[in-house]
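Undergrad: starting from these lines, generate the structure:
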Amino acid sequence: MSDMISLIAPCLRGLSFDGNKGKIVLFSEKSRGVSPAIKTGVLTEENYAEELTKAWKPGTALVTVEGIGSFYLGESYDEALALADGKLCTPAEAATVADRNGVVKNKTALVTGGAQGFGEGMVRGLAEAGAFVYIADMNLAGAEKLADTLKAELGRTCACAVSVNVTDEDSVEAMMNKVARTTGGLDIFVSNAGVLKAGSVKEMTLKDFSFVTSVDYTGFFICTKFASKQMTIQNKAAKGYLTDIICISSKSGLEGSNKNGAYAGAKFGVIGLTQSFALELVADGIKVNALCPGNFLDGPLWSDPNRGLFVQYLNAGKVPGAKTVADVRRFYESKVPLDRGCTTEDVMKALFYTVDQKYETGQAVPITGGQVMLN
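TA: Reported below is the predicted structural model:
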């Protein structure tokens, strides 16, 4: 990256950036162990990596970056602010969490497809647990509305909307550059954006098949490509610190799905990518895992009163004897040993576990209520 701020920012772990004033305030948190002490000097594109990796411990320093301005690093936010001689931002006050949810406290996360459905639930769960969350979605208006809602509900700036098309490399790269410019790094990347078009293999068009696989499969590859580049840069300095890339697969990635081959094939495929990426990126301090939720029966995919699967399956006569939407729902609930659909809370517990677990990578974690059991 020739853009110096995009190049350097991922190495600097804190808040916040104010390019207009030429000042960047950062503050360290000893519990994270990811704040560098850098000697006073000038960073260039040639020497920035060496200077940033010389020392990685709490400290105070002023660093001048050619063409950008000054970085003010402090043991605390107030200390950094005093150095900067001006209030540029207010740090987010992390939620107080007593259980495993606290593993994301003070971390920065990004969720693609975050404006609705499972994605919105994960954004909410991460923000409520103390993370700052990028809501990445093609529906930018919806993402912005969710960010504003969370700010009002939680009383702090805890989310930022960003537009992205996960099937387009330029769009994903621009998204990651915005992350670098805004928070200087990323701890958790959740690749959640997905689409579904069911149909018989005898009848599905190649266009529909390609639409599903381009988002659900290729999109994960593109997102990992650019997220891993940024995480690799920042992790070079933060020796021993682990970041996470988490792919949202499905129970349909663990077993076939009748007349739903495009979706199931893509979800099987991302588990293969998860395992392969995990083997490669572990050297860069990046864990890569997949979560495999069961049917989210309360989400719009199933419950939309006009286009949801409950209505579609009822009208198509897919469930024998079903006369109402409630009959169709009960049919699918009865397939689950725990007798209900998957919820956002179920997914969040698995996500927190995945981040908390430092000794697993390349795994596909089922969240199916026992409907799919691994050998």
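
Undergrad: just the CA trace of whichever strand or helix holds Asp170, in CSV.
TA: Secondary-structure assignment from DSSP states H and E places Asp170 in helix 169-182. The C-alpha coordinates for helix 169-182 follow below in CSV (Å, rounded to 0.1, in the frame of the first residue of the first chain):
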residue,chain,number,x,y,z
GLU,A,169,-12.0,-6.9,-4.6
ASP,A,170,-11.8,-3.1,-4.9
SER,A,171,-14.8,-2.7,-2.6
VAL,A,172,-13.3,-5.1,0.1
GLU,A,173,-9.9,-3.4,-0.1
ALA,A,174,-11.5,0.0,0.3
MET,A,175,-13.4,-1.3,3.4
MET,A,176,-10.2,-2.5,5.0
ASN,A,177,-8.4,0.8,4.2
LYS,A,178,-11.3,2.6,6.0
VAL,A,179,-10.7,0.4,9.0
ALA,A,180,-7.0,1.2,9.0
ARG,A,181,-7.7,4.9,8.7
THR,A,182,-10.3,4.9,11.5
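
Undergrad: mind checking what helix or strand follows it in sequence?
TA: Sequence-wise, the next helix or strand downstream of helix 169-182 (DSSP H and E) is strand 188-191.

Undergrad: partners of that next one, with directions?
TA: Strand pairing for strand 188-191, determined by DSSP bridges: strand 108-112 (parallel), strand 243-248 (parallel).

Undergrad: got a markdown table for the ones you listed, with mean neighbour count and distance to Gly269 too?
TA: Yep, even glycine has a C-beta here, placed from its N, CA and C like the rest. Shown next, in a markdown table, are the strands paired with strand 188-191 (neighbours: other CB atoms under 10 Å; distance: least, CB to CB, whole Å):
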| stretch | mean neighbour count | distance to Gly269 |
| --- | --- | --- |
| strand 108-112 | 28 | 17 |
| strand 243-248 | 26 | 10 |
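
Undergrad: to Gly317, which of these lies closest?
TA: Ranking the strands paired with strand 188-191 by proximity to Gly317 (CB to CB) places strand 243-248 first, at 30.6 Å.

Undergrad: can you give the contact residues for that closest one?
TA: Residues outside strand 243-248 that contact it (CB atoms under 8 Å, 6 or more residues apart in numbering): 118, 186-192, 194, 220, 223-224, 227-228, 231, 234-235, 270-271, 273-274, 277, 281, 285-291, 293, 347, 351, 354-355.

Undergrad: report back the residue of this structure that's furthest from centre.
TA: Here the chain reaches farthest from its C-alpha mean at Gly321, the gap being 41.1 Å by CA atoms, centre = their mean.

Undergrad: now that residue, what's its secondary structure?
TA: Classification of Gly321 by DSSP: H, G, I helix; E, B strand; the rest coil places it in coil.

Undergrad: my read is that it contacts Asp327, right?
TA: Yes. Using CB atoms under 8 Å, Gly321 makes contact with Asp327 at a distance of 7.3 Å.

Undergrad: returning to what we had before: inside helices: which ones of the contacts of strand 243-248?
TA: Using DSSP state H, the members of the contacts of strand 243-248 that fall in helices are 118, 220, 223-224, 227-228, 231, 234-235, 270-271, 273-274, 277, 281, 347, 351, 354-355.
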